[in-house]
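Quick one, what's the 3D model for this:
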Amino acid sequence: MRVLFICRQKTKTNVSPFVKSQAQALIKEGIKVDFFLIKNNGVFGYLKSIRELIHYSKSREYDIYHAHYSFSGYVACLSKKKPLVVSLLGTDVIKSSLSRSILKIVSSICDWSQIIVKSDQMKNLLKIKKVQVVPNGVSFDTFHPINQKKARSILNWNFEEKIILFNGHKSNPIKNYALAEKAVNLCKNNITIVEMKNLDQEKLNLYYNACDVFLSTSLWEGSPNTIKEAMACNANIISTNVGDVKYLFGKEKYNRICTFDPLEISTAITNALRVKKENNKGRERLIHLSLQGTDVAQKLINLYHTILA
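Modelled structure (predicted):
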């Protein structure tokens, strides 16, 4: 089976890490995966990509076209690529009712074969029949527990410093850094906040293991990959109740869900700093949920076969 992934090109890594890892997991299962990258920004960039995709696929045949994010789906749709699977990533569903209305109209007119969403919340908001929940998996080979002192030694971080790893760029309004900063300032401990910015996956694994707490104060998410990656490293996690975080945590007692109250988050941080990371069982929880990359790849393969049948 040959599958073409259609997605936006990223400046540093070319392909979003979770899309790349999904492709790698499919390749391990014997699926041939190629990439068509949308390289230009804005409306005109996407419109230009329609012609480029038509030209690219003239000499290549694919069994499935799989677009990641709504605008990539629109490009594939206007290029008349079928059968078409579109993965929606969170913002394109959760952010506004207008984006959901556009999705409903376009997916119906273009007859998308299947829409994939990352959480039940997204499915309930979208209210379209051809929707299947398939959360992104996480590579247990890439993200795994490392002794904290060893990780800090490699990163040249101070062994005594209390470090909060923040979920994303400070400049990204969705990540809600202002709330994280307020909560940390309320703590009596001397704490340093480190943001996740332009990190390859190997270094990101070290960050998850080197920090004392992984903090996510996002306003909304689909099924946040960073939460799953941190869980795979058995990091102590504090998160706002977004996406499917409550489902991911389950009854794991060392990971905490908070409201958007900075005082509540501050108290959770203080408590988390007292807990040894070795006690956290987040990785076992992910195994129980079958969220290893290969498990998710098999779900996608089954979906592809169903469409082709």
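
contacting residues around the helix-or-strand element of the chain with minimal mean pLDDT?
The weakest-scoring helix or strand in the chain, judged by mean pLDDT, DSSP states H and E, is helix 91-94 (a mean of 74). Among residues not part of helix 91-94, those counted as contacts by CB atoms under 8 Å, 6 or more residues apart in numbering are 69-71, 99-100, 103, 117, 121-122, 125-126, 174, 220-222. Glycine gets a C-beta too; all of them are placed from N, C-alpha and C.

Point out the least confident one among these.
In terms of pLDDT, the weakest of the contacts of helix 91-94 is residue 99, which scores 78.

ok so, going back, got the buried residues for the next helix or strand along the chain from the least confident helix or strand of the chain?
Downstream of helix 91-94, the first helix or strand assigned by DSSP states H and E is helix 97-109. The neighbour-count criterion (16 or more other CB atoms under 10 Å) identifies 100, 103, 106-107 as the buried residues of helix 97-109.

chain center to helix 97-109, what's the gap?
In terms of CA atoms, centre = their mean, to the nearest Å, the centre of helix 97-109 is set 22 Å apart from its chain centre.

Can you tell me which helices and strands it packs against?
Using 3 or more CB pairs under 8 Å, 6 or more residues apart in numbering; DSSP states H and E as the contact definition, the elements that helix 97-109 packs against are helix 70-78, helix 91-94, helix 120-126.

what's the closest of those to residue 44?
Each of the helices and strands packed on helix 97-109 was scored for nearness to residue 44 using CB to CB, and the closest is helix 70-78 (12.3 Å).

List the strands paired with the next helix or strand after the closest one, with their directions.
For helix 70-78, the succeeding helix or strand toward the C-terminus, using DSSP H and E, is strand 84-87. Using DSSP bridges, the strands paired with strand 84-87 are strand 64-68 (parallel), strand 114-117 (parallel).

export these to TSV and tack on mean neighbour count and distance to residue 133?
Shown next, in TSV, are these (neighbours: other CB atoms under 10 Å; distance: least, CB to CB, whole Å):
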stretch	mean neighbour count	distance to residue 133
strand 64-68	26	16
strand 114-117	24	6
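
how about the helices in the stretch 101-250 of the chain?
120-126, 148-155, 177-186, 201-210, 225-232, 245-249 (DSSP state H, counting those that start in this stretch).

could you redo the ones you listed as TSV and give each row mean neighbour count?
Converted to TSV, these look like this (neighbours: other CB atoms under 10 Å):
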stretch	mean neighbour count
helix 120-126	17
helix 148-155	15
helix 177-186	18
helix 201-210	19
helix 225-232	25
helix 245-249	18
